[in-house]
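In: Sequence first, predicted coordinates after that:
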Amino acid sequence: MAKNAKFVSKALGMKIHSFLKYGLIISVLLAIFSFATYKSDAIVGKWESPDKDRRIEVYKKDNFYFGKIIWQKPDKFRAEVGDIVIRDIEYQNPHWEGKIWVPEIKSDFTANISLPTHNELRVEATNGFIKKVKVWNRVK
């Protein structure tokens, strides 16, 4: 009986050790995935233009990010509240890439978006030889 008890104890100890080892590995992988998802979602929120004349809300749909106008000074722009001006943005660690519609010139630009700080959204828009860079501020 003592031999069987030692064998069972050893086998149980090995199972617990394996369970803990694989549990730790799975936990670490989940933590890494969660952090990556958190980081990619960092642009989600409300942002105000540098001139304080427009606000957009960036949101996630499926694996892409979009931005719609939620407020703007009247009669200044060709866009309207509710228009989607940022679309098909994908996270490309450590920045985001996609398209931006610039209503003032009625044109699409390639967008490269980064977060210099948690409260600053740096938007670099390029269309051919035209390049604009603006830093938007997070609205709380």
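Out: Arrived safely, thanks for sending.
In: Show me how the record splits this structure into domains.
Out: 1-43, 44-139 (automatic domain parsing).
In: any chance of the ones you listed in JSON lines, with mean pLDDT and mean neighbour count too?
Out: In this view, the C-beta of every residue, glycine as well, is placed from N, C-alpha and C. JSON lines is the format used below for the domains of the chain (pLDDT from 0 to 100; neighbours: other CB atoms under 10 Å):
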{"stretch": "domain 1-43", "mean pLDDT": "60", "mean neighbour count": "10"}
{"stretch": "domain 44-139", "mean pLDDT": "93", "mean neighbour count": "15"}
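In: Could you grab the helix/strand/coil label for residue 109?
Out: Following DSSP: H, G, I helix; E, B strand; the rest coil, residue 109 is assigned to strand.
In: could you check the distance from it over to residue 92?
Out: From residue 109 across to residue 92, the span is 17 Å (CB to CB, to the nearest Å).
In: for the helix or strand hosting residue 57, packing partners?
Out: Using DSSP states H and E, residue 57 sits in strand 54-61. Secondary-structure packing of strand 54-61 (3 or more CB pairs under 8 Å, 6 or more residues apart in numbering; DSSP states H and E): strand 45-48, strand 64-72, strand 84-92.
In: With residue 136 as the reference, name the closest of those.
Out: Of all the helices and strands packed on strand 54-61, the one in closest proximity to residue 136, counting by CB to CB, is strand 45-48 (4.1 Å).
In: What strands line up against that closest one, and which way round?
Out: Under the criterion DSSP bridges, strand 45-48 sits next to strand 54-61 (antiparallel), strand 130-139 (antiparallel) in its sheet.
In: Which one of the ones you listed lies nearest to residue 101?
Out: So among the strands paired with strand 45-48, strand 54-61 is nearest, using CB to CB, at 11.3 Å.
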